[in-house]
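Engineer: Please work out how this folds:
(chains A and B)
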2 protein chains.
Amino acid sequence: MGIILHYLQDSRSQRVLWLLEEMGIDYEIKHYSRTAQGLAPPELLEVHPTGKSPLITDTTDGKNKVVAESGAIVDYLIRHYAQGRFVPADPERVDDDVFWSHFAEGSLMPLLVMKLVFSMIPSKMPFFVRPIGNAIVNNVNTAFLNPDLKRKTDFIADELVKKCDAGNAWFAGGDSHGNPTAADFQMAFPLEAALSGRISNLPAPIKTYVEKVHARPAFKRGLEKGGPYKYA
Amino acid sequence: MGIILHYLQDSRSQRVLWLLEEMGIDYEIKHYSRTAQGLAPPELLEVHPTGKSPLITDTTDGKNKVVAESGAIVDYLIRHYAQGRFVPADPERVDDDVFWSHFAEGSLMPLLVMKLVFSMIPSKMPFFVRPIGNAIVNNVNTAFLNPDLKRKTDFIADELVKKCDAGNAWFAGGDSHGNPTAADFQMAFPLEAALSGRISNLPAPIKTYVEKVHARPAFKRGLEKGGPYKYA
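Structural biologist: Below you'll find the model as predicted:
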């Protein structure tokens, strides 16, 4: 019947949900909830051996193909089913589209995830050694995570200002109808996550950009179908 | 004059060096050394605001374009300068090529980096609280990092057996001349890193695959030009 989106709450699935709504194609949502530890549930392992979300199953024309990994899913859907939409109107911006598509999960998200994992360490420790846990987290943040995150978010903001009209345009200039491209479906999620409190004092253009994403009618329809989502 | 590769020792630059050698195009290596803390040196910040390696500068036809992010660099070089080589001979394998290109840095490397960062925690602590550091690392490894790494490396090995002749063929089947494709330039580095001792008991097909990469004449030429590399 088309595409099945294996949708895990509060996860990278949100970007695929948004893309599917922008594309306006037939799809079905299958919902999954996180475990008590906040991890992906074992049912996802039955869909794909990595057990992560997002995953899609493409059943078009009798196929039964599972695609994993955000960047690959976004590329797959646009390449196979978007009929030329969601690719940069300006061929000179294709390099940017590819860059941000990889940067989002290759450079930005790993830092945000590491910051989240480290922030949870002290609370898992017996209270009498918690100061040691806090010291570890502070050291890693000061020596490594915070400077790297500041460099990356400053860089993103500078590019949004210089190339993307201060966050009021898309990362690779949008398609010929003014729609976002792969770069945006990939970048929106880590920027939403960054804005949700994990980093303080984010530059204003990042906020402008995320508000622009959240104002898309397709994003709002996705929110209704996906249900509560803590980053929007 | 062509491409400048900003080459940091023992880093992801190795995959770009390998690709440049496979392509046989004009390029120049600019060498950078890690700081005493093992980080990228500040000189890389003068090339690109994220300050990471690999970076390339493309000076072809008077351009002065800097490209960052492994996946984007590999895609850029193949798309602009490979004259049709290093893309899957079988169009049905393009989805695989895109998948592995994203999976390498979006899913596999972040886990390996996190394992490395956690492993360094105890040695940075005063000796009398080091048992606490070790307990933290053991907990994170047992609850989270090791199971995830096992799922991912088992999955890679299964795919290498099923689709890639047990590690004796390329991740997306290779190009029409039998050369590797983007998937391989992206996957080789994390698999080299995994094999270098960070994970024990890796499945045999992963070792077979990395040996196949290391046997390429182009890889060997890259090693000579890049100098000592601890993962080969």
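Engineer: hmm, stretch A:205-213 in reach of chain B?
Structural biologist: No - Stretch A:205-213 stays clear of chain B (C-beta under 8 Å from any C-beta of the partner chain), getting no nearer than 14.6 Å. Quick note: C-beta positions are derived from backbone N, CA and C, even for glycine.
Engineer: what pLDDT, on average, does that stretch get?
Structural biologist: The average pLDDT within stretch A:205-213 is 97.
Engineer: cool, stretch A:54-69 as well?
Structural biologist: 97.
Engineer: Tell me the buried residues in the helix or strand bottoming out on mean pLDDT in chain A?
Structural biologist: One helix or strand of chain A scores below all others by mean pLDDT, DSSP states H and E: helix A:130-140, with a mean of 87. By neighbour count on 16 or more other C-beta atoms under 10 Å in any protein chain shown, the buried set for helix A:130-140 is A:I132, A:G133, A:I136, A:V137, A:V140.
Engineer: quick one, longest helix in chain A?
Structural biologist: helix A:146-163 (DSSP state H).
Engineer: neighbouring contacts of it?
Structural biologist: By C-beta atoms under 8 Å, 6 or more residues apart in numbering or on different chains, the residues outside helix A:146-163 that reach it are A:96, A:107-108, A:111-112, A:115, A:166-167, A:169, A:171, A:173, A:187, A:191, A:194, A:199, A:202-206, A:208-209, B:45, B:49-51.
Engineer: Now it - C-alpha only, CSV.
Structural biologist: Output of helix A:146-163 as CSV, limited to C-alpha atoms (Å, rounded to 0.1, in the frame of the first residue of the first chain):
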residue,chain,number,x,y,z
ASN,A,146,31.0,22.7,25.2
PRO,A,147,33.7,24.2,23.0
ASP,A,148,33.0,21.8,20.2
LEU,A,149,29.2,22.5,20.4
LYS,A,150,29.8,26.2,20.5
ARG,A,151,32.0,26.0,17.4
LYS,A,152,29.4,24.0,15.5
THR,A,153,26.4,26.0,16.5
ASP,A,154,28.2,29.3,15.7
PHE,A,155,29.1,27.9,12.4
ILE,A,156,25.5,26.8,11.7
ALA,A,157,24.2,30.3,12.7
ASP,A,158,26.8,32.0,10.5
GLU,A,159,25.8,29.9,7.5
LEU,A,160,22.1,30.6,8.2
VAL,A,161,22.9,34.3,8.2
LYS,A,162,25.1,34.4,5.2
LYS,A,163,23.5,31.8,2.9
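Engineer: what about the next helix or strand after it, near chain B?
Structural biologist: Sequence order places helix A:182-193 as the next helix or strand after helix A:146-163, per DSSP states H and E. No - Helix A:182-193 lies apart from chain B when judged by C-beta under 8 Å from any C-beta; the minimum separation is 9.4 Å.
Engineer: Does anything pack onto helix A:182-193? Which helices or strands?
Structural biologist: Helix A:182-193 is packed against helix A:13-23, helix A:70-81, helix A:94-103, helix A:109-120, helix A:204-214, with contacts defined by 3 or more C-beta pairs under 8 Å, 6 or more residues apart in numbering or on different chains; DSSP states H and E.
Engineer: Need the per-residue pLDDT for the nearest residue to A:F171 once chain neighbours are set aside.
Structural biologist: Residue nearest to A:F171 in three dimensions, not counting chain neighbours: A:A183, with 3.8 Å by C-beta to C-beta, 6 or more residues apart in numbering or on different chains. A:A183 carries a pLDDT value of 98.
Engineer: same thing with A:M1?
Structural biologist: Reported pLDDT for A:M1: 63.
Engineer: Any chance of CSV for the helices and strands packed on helix A:182-193, columns mean neighbour count?
Structural biologist: Output for the helices and strands packed on helix A:182-193, formatted as CSV (neighbours: other C-beta atoms under 10 Å in any protein chain shown):
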stretch, mean neighbour count
helix A:13-23, 25
helix A:70-81, 22
helix A:94-103, 24
helix A:109-120, 18
helix A:204-214, 18
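Engineer: least reliable of those helices going by mean pLDDT?
Structural biologist: helix A:109-120 - the lowest mean pLDDT of the helices and strands packed on helix A:182-193, at a mean of 92.
Engineer: Report the central residue of chain A.
Structural biologist: A:F189 (2.8 Å; C-alpha atoms, centre = their mean).
Engineer: Looks to me like A:V67 is in a strand.
Structural biologist: Yes - assessed with DSSP: H, G, I helix; E, B strand; the rest coil, A:V67 lies in a strand.
Engineer: Show the contacting residues for it.
Structural biologist: Contacts of A:V67 by C-beta under 8 Å, 6+ apart are A:L55, A:I56, A:D58, A:I73, A:Y76, B:D95, B:F99.
Engineer: now A:K230
Structural biologist: A:K230 sits in contact with A:D10, A:S196, where contact means C-beta under 8 Å, 6+ apart.
Engineer: go again using 10 Å as the cut-off
Structural biologist: A:Q9, A:D10, A:Q14, A:E192, A:A193, A:S196, A:G197 (C-beta atoms under 10 Å, 6 or more residues apart in numbering or on different chains).
Engineer: Over to A:D97?
Structural biologist: A:D97 neighbours (C-beta under 10 Å, 6+ apart): A:78, A:86-88, A:90, A:170-173, A:175, A:181-184, A:186, B:72.
Engineer: Check these and tell me the two furthest apart.
Structural biologist: A:D175 and B:A72 (19.4 Å; C-beta to C-beta).
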